[in-house]
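In: All I have is the shape, not the residue letters:
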Ligand code: LMR
């Protein structure tokens, strides 16, 4: 060919999480351990198929597959609302929540950013420092400039709460503030109930727009308790809530998520829902069906729902026990390495405090993969790989 139309296209620098996962797959070493991407694996290192989801598969069968509506499966949307807000929430009673089925939690944040760009343009977007780095990318793609509020206190390995509050107070009124209500990614440290209340006061006083990204409901304390911040906030003020079923349903590849916008009244919610449908239509028309049916079937059936909650509890309990096991084995190897990060943080991730260089050393020498920021996915630990991870961790910490 003589003509090059795309010669100017720049190479993709790679995604810090997904491209690393590709490298892990391509690594020929047998003893490699994947603690990078946020995927829960069981004691045998497999992504579980939950019993509740298996039963739902049997129920949905190979029926016809028409298009879903733009806003998704009605039972799914109902399930999202009850799970996120609680069935008795006043906002649901008043019918002032607009909810759509989305393509994963990422799709939910993406549609939220598109919606805000169209209807509340030109605002500053604040995300936590650090955060899931796609938060920056999704809001920038929608046309926003993103900036950060302090979140991680490196020295104390906890939340820099004073810094966070000061930044939220100093931000322009009406800014968009992205919050992770539970199991913060990547740090594994969350706000206390009092801190949540204080953040709520500042956001409401400043007229900020809260966007909650709740990707790990059930992995912190329980499915119900983990939603408490969102539920209290939604009783107080308008907000947007993105949620994901990738992790708590172990349905990563089905891309099941939800976006809910809490409005002032039912009329506003109706109009907002219409605009969300339009955003979906312009982007991918309507969401896919099979995952939607699975989630709707589990959440819409009392027995399957109870079984599913038990299965989420099991995943959480196993992650907690792996944290303790790794901490114990690191301690057995060295008294000098601080393991408090494993015991004080919760959810799928821990922020180890390791440098990018130390993370690289673990990967190159031992085939133990962490994200470059030092984030470790504890949901990838099991009894077989913990000794290797402990040894590698101690080696780089002392080396
Ligand atoms: C992660 O943070 O590893 C997960 O949420 C997967 C992703 O999409 O980045």
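Out: Happy to help now that I have it. Because the structure is predicted, anything quoted here is derived from the model rather than measured. Residues are numbered from 1 along each chain as shown.
In: For the protein, list the residues in contact with the ligand, please.
Out: 17, 37-38, 106, 132, 185, 215 (C-beta under 6 Å from any ligand atom). Every C-beta, even on glycine, is put in place using the N, C-alpha and C of the backbone.
In: Return the member of those residues nearest to the ligand.
Out: residue 38 (3.2 Å; C-beta to the nearest ligand atom).
In: secondary structure element for the closest one?
Out: Under the criterion DSSP states H and E, no helix or strand holds residue 38.
In: residues touching it, list them.
Out: Neighbouring residues of residue 38 by C-beta atoms under 8 Å, 6 or more residues apart in numbering: 17, 185, 215, 247, 348-349, 377, 379.
In: Only whichever of those are buried, select them in PyMOL.
Out: The following PyMOL line selects those of the contacts of residue 38 that are buried, judged by 16 or more other C-beta atoms under 10 Å:
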select buried, resi 17+185+215+247+348+349+377+379
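In: Rebuild the contacts of residue 38 as JSON lines, extending it with secondary structure and pLDDT.
Out: Putting those into JSON lines (DSSP: H, G, I helix; E, B strand; the rest coil; pLDDT from 0 to 100) gives the following:
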{"residue": "17", "secondary structure": "coil", "pLDDT": "95"}
{"residue": "185", "secondary structure": "coil", "pLDDT": "97"}
{"residue": "215", "secondary structure": "coil", "pLDDT": "98"}
{"residue": "247", "secondary structure": "coil", "pLDDT": "98"}
{"residue": "348", "secondary structure": "coil", "pLDDT": "96"}
{"residue": "349", "secondary structure": "strand", "pLDDT": "96"}
{"residue": "377", "secondary structure": "strand", "pLDDT": "97"}
{"residue": "379", "secondary structure": "helix", "pLDDT": "97"}
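In: can you put the contacts of residue 38 in CSV and add distance to residue 279?
Out: Output for the contacts of residue 38, formatted as CSV (distance: C-beta to C-beta, whole Å):
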residue, distance to residue 279
17, 25
185, 25
215, 20
247, 25
348, 29
349, 30
377, 31
379, 32
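In: tell me which of the contacts of residue 38 is nearest to residue 221?
Out: Residue 221 lies nearest to residue 348 out of these, by C-beta to C-beta, at 14.0 Å.
In: What backbone torsions are found at that closest one?
Out: phi -80, psi -20 (degrees, to the nearest 10).
In: Looks like it contacts residue 183 (just checking).
Out: Yes. Applying C-beta atoms under 8 Å as the test, residue 348 and residue 183 come out as touching, 6.4 Å apart.
In: Now list whatever residues contact both of the two.
Out: Shared contacts of residue 348 and residue 183, defined by C-beta under 8 Å, 6+ apart, comprise 216, 219.
In: list the buried ones in the helix or strand of the chain with the lowest mean pLDDT?
Out: Counting by mean pLDDT, DSSP states H and E, the chain has its least confident helix or strand at helix 340-344, which shows a mean of 91. For helix 340-344, burial by neighbour count (16+ other C-beta under 10 Å) applies to 341-342.
In: So what are the sheet partners of the helix or strand just after that helix and their directions?
Out: Proceeding C-terminally, helix 340-344 gives way to strand 349-351 as the next helix or strand, assigned by DSSP H and E. Its sheet considered, strand 349-351 pairs with strand 375-377 (antiparallel) by DSSP bridges.
In: which helices and strands sit right next to the very next helix or strand once past the partner strand?
Out: Per DSSP H and E, the first helix or strand lying C-terminal to strand 375-377 is helix 386-398. Packing partners of helix 386-398 (3 or more C-beta pairs under 8 Å, 6 or more residues apart in numbering; DSSP states H and E): helix 302-333, helix 356-361, strand 368-369.
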